[in-house]
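1. Any chance you could fold what I've pasted below:
(one chain, ligands or ions: 2)
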Amino acid sequence: ALVAARPRDLDGLHVVVSAGGTREPLDPVRFLGNRSSGRQGVALARAAHARGARVTLVAANVEVPLPQGVDVVRVETGAELRDAVRAAAKDADVVVMAAAVADYRPRTSAESKIKKQPDGTAPVLELVETVDILAELARERLRAGQVVVGFAAETGDDTGSVLEHGRAKARRKGADLLVLNAVGGGRGFGTDDNDVTVLDGAGTVVAAASGSKDEVADAVWDAVLTRG
Ligand code: CTP
Ligand code: CA
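-> Numbers count the residues shown, from 1 in each chain. Ligands and ions are numbered 1, 2, ... in the order given. All right, here's what the predicted structure looks like:
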């Protein structure tokens, strides 16, 4: 059978993709995590490699097989993810933050396992905010001309629609592109299908895509090339 050759249109570019959910430790055996499977980030890394890029995949907890042919840096926490992404971003043409980074982490992590209290008192967790890695990358621009891409999963609520929340987030983050994903009602998380809208930093819709996470990944790289 004939297979259409993928265009090597990312040839010569170094791209950094973060994927998966971070885990913030409470003690040696417990963590605060999230339900991100890492599928979309892995699909982005695979697509970029197929299109000729040199790819660094910064992988937090990822529940799908990692792609061949890409440099993988494994991390656990948001702080580790931040360090790994920033190190790789110094010589990257594009950075895509597809990871689900914890917004808060436990203020402390116990060195030994937290024991159940005999008197039945429940512990109270004190949380502190983590660094917004995407906003920081967009602000600092670790390499001139670098394209910074974020993801946002939104639900509509009484304060605004998915698109309204997405536009506000695009402006707040300062990234070049924000890939907006409507979640809830079985869409988005853990599934293989996806519906996305790509916004620029001003909140203007510049592209839309639906289909598998592989198709969405190709649409994101198309949008990056249009933008760059
Ligand atoms: N992100 C990040 N660092 C964080 C939190 C989020 O880099 N500490 C990135 C994500 O990787 C994603 C983008 O920011 O690319 C949007 O994440 P999201 O959780 O939608 O945004 P928040 O600003 O955390 O807003 P919300 O209150 O909706 O969670
Ligand atoms: Ca968040």
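2. make it CA atoms for all contacts and neighbour counts henceforth
-> OK.
3. Surely Ile114 forms part of a strand?
-> No. Ile114 is assigned coil when assessed by DSSP: H, G, I helix; E, B strand; the rest coil, not a strand.
4. The closest residue to Arg6 other than its chain neighbours and ligand 1, how far apart?
-> Once flanking residues are discounted, Arg6 sits nearest to Arg51: 6.3 Å by CA to CA, 6 or more residues apart in numbering. The span separating Arg51 from ligand 1 equals 22 Å under the rule CA to the nearest ligand atom, to the nearest Å.
5. which residues touch Arg51?
-> Under the criterion of CA atoms under 8 Å, 6 or more residues apart in numbering, the neighbours of Arg51 are Arg6, Pro7, Arg8, Asp9, Leu10, Asp11.
6. From these, list just the buried residues.
-> When the contacts of Arg51 are checked for burial by 16 or more other CA atoms under 10 Å, the buried set is Leu10.
7. Could I get the full set of helices for this structure?
-> Secondary structure of the chain (DSSP state H): helices located at 39-50, 78-89, 133-140, 162-173, 213-227.
8. just checking, what packs against the third one?
-> What that stands for is helix 133-140. Counting contacts by 3 or more CA pairs under 8 Å, 6 or more residues apart in numbering; DSSP states H and E, helix 133-140 is packed against strand 147-154, helix 162-173.
9. can you put those in CSV and add distance to Ser37, mean neighbour count and mean pLDDT?
-> As requested, the helices and strands packed on helix 133-140 are arranged in CSV below (distance: least, CA to CA, whole Å; neighbours: other CA atoms under 10 Å; pLDDT from 0 to 100):
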stretch, distance to Ser37, mean neighbour count, mean pLDDT
strand 147-154, 14, 23, 96
helix 162-173, 22, 20, 97
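10. Can you lay out those as a markdown table showing distance to ligand 1?
-> Converted to a markdown table, these look like this (distance: least, CA to the nearest ligand atom, whole Å):
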| stretch | distance to ligand 1 |
| --- | --- |
| strand 147-154 | 4 |
| helix 162-173 | 7 |
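11. Residues contacting the helix or strand bottoming out on mean pLDDT in the chain, please?
-> Averaged element by element with mean pLDDT, DSSP states H and E, the chain has its least confident helix or strand at strand 193-200 (a mean of 90). Strand 193-200 is touched from outside by 166-167, 170, 175-182, 187-188, 205-213, 216, 220, 223, with contacts defined as CA under 8 Å, 6+ apart.
12. Just give the strands next to it in its sheet, each with its orientation.
-> Sheet pairing of strand 193-200 (DSSP bridges) gives strand 177-182 (antiparallel), strand 205-212 (antiparallel).
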